[in-house]
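Peer 1: This is a predicted model, with the sequence first.
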Amino acid sequence: MNALGAPANNPADLLILVDHEDRETGFMSKEDCHRGRGVLHRAFSIFLFDDRGQLLLQQRSAQKPLWPLAWSNSCCSHPRRGEAVEAAASRRLHEELALGAELAFLYKFEYEARYGNIGAEHELCWVFAGFDSGPPAANATEIADWRYVAPAALTAEIAADPARFTPWLRLEWAEITSQHLPWILERAAQR
């Protein structure tokens, strides 16, 4: 539950539909956005690092309809109707992990991923990196487990068993390690 007593993850929340250029085209419930092949909507992913440069990973709750118990990045979700992406990212960090962080925008990209016959992701995803403000207090309705992992170890784990990880994490981690990791590790060392 959030501070207002409403569920933090509500299937009826209105998400922001976008075109391939990330221009708003309308709104649709979270549940409907993820049915069938999915409808293109705005999303975000956050990668939080500690001062040793280790990434905070979360294992998705068994109650998640898509990719339950898969390991994923620190936090990911969607801005709601009328909500800026940066505000949504801060809100979700607090709801899922009871953390705050200064986030840096890295890039955005579009992807599609199907989860059997259950549903799909079709998102234009904004990717952020930041540094955690302390140990997380995971929301058990959202997160089954969490851990810190060194970048090289995560890369090896994904290569050895990619199915253990969400498809967006695999895509984002490839981009982060090839384009952004040196900057992130330098910032971690300066903390």
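Peer 2: Looks like it arrived, so ask away. Numbering: from 1, shown residues only.
Peer 1: mind checking how far residue 115 is from residue 121?
Peer 2: 8 Å (CB to CB, to the nearest Å). For glycine as for every other residue, the C-beta is placed from the backbone atoms N, C-alpha and C.
Peer 1: Residue 18 now?
Peer 2: Counting by CB to CB, the gap from residue 18 to residue 121 is 14 Å.
Peer 1: So for these two, which residue has more residues nearby?
Peer 2: Neighbours per residue, other CB atoms under 10 Å: of residue 18 and residue 121, the larger number sits with residue 121, 22 against 19.
Peer 1: State the phi and psi torsions of the more buried one.
Peer 2: Main-chain torsions, residue 121, degrees, to the nearest 10: phi -110, psi 130.
Peer 1: My guess is it contacts residue 38. True?
Peer 2: Yes - contact criterion CB atoms under 8 Å: residue 121 and residue 38 qualify, at 5.8 Å.
Peer 1: intersection of neighbour lists for these two?
Peer 2: With contacts defined as CB atoms under 8 Å, 6 or more residues apart in numbering, the residues shared by residue 121 and residue 38 are residue 112.
Peer 1: Need the overlap of contacts for residue 115 and residue 121.
Peer 2: Joint contacts of residue 115 and residue 121 (CB under 8 Å, 6+ apart) are residue 66.
Peer 1: so what's the residue nearest to the spatial centre of the chain closest to, chain neighbours aside?
Peer 2: Centrality entry for the chain: nearest residue to the mean C-alpha point is residue 76, 2.0 Å, by CA atoms, centre = their mean. What sits nearest to residue 76 in space, not counting adjacent residues and going by CB to CB, 6 or more residues apart in numbering, is residue 45, at 4.3 Å.
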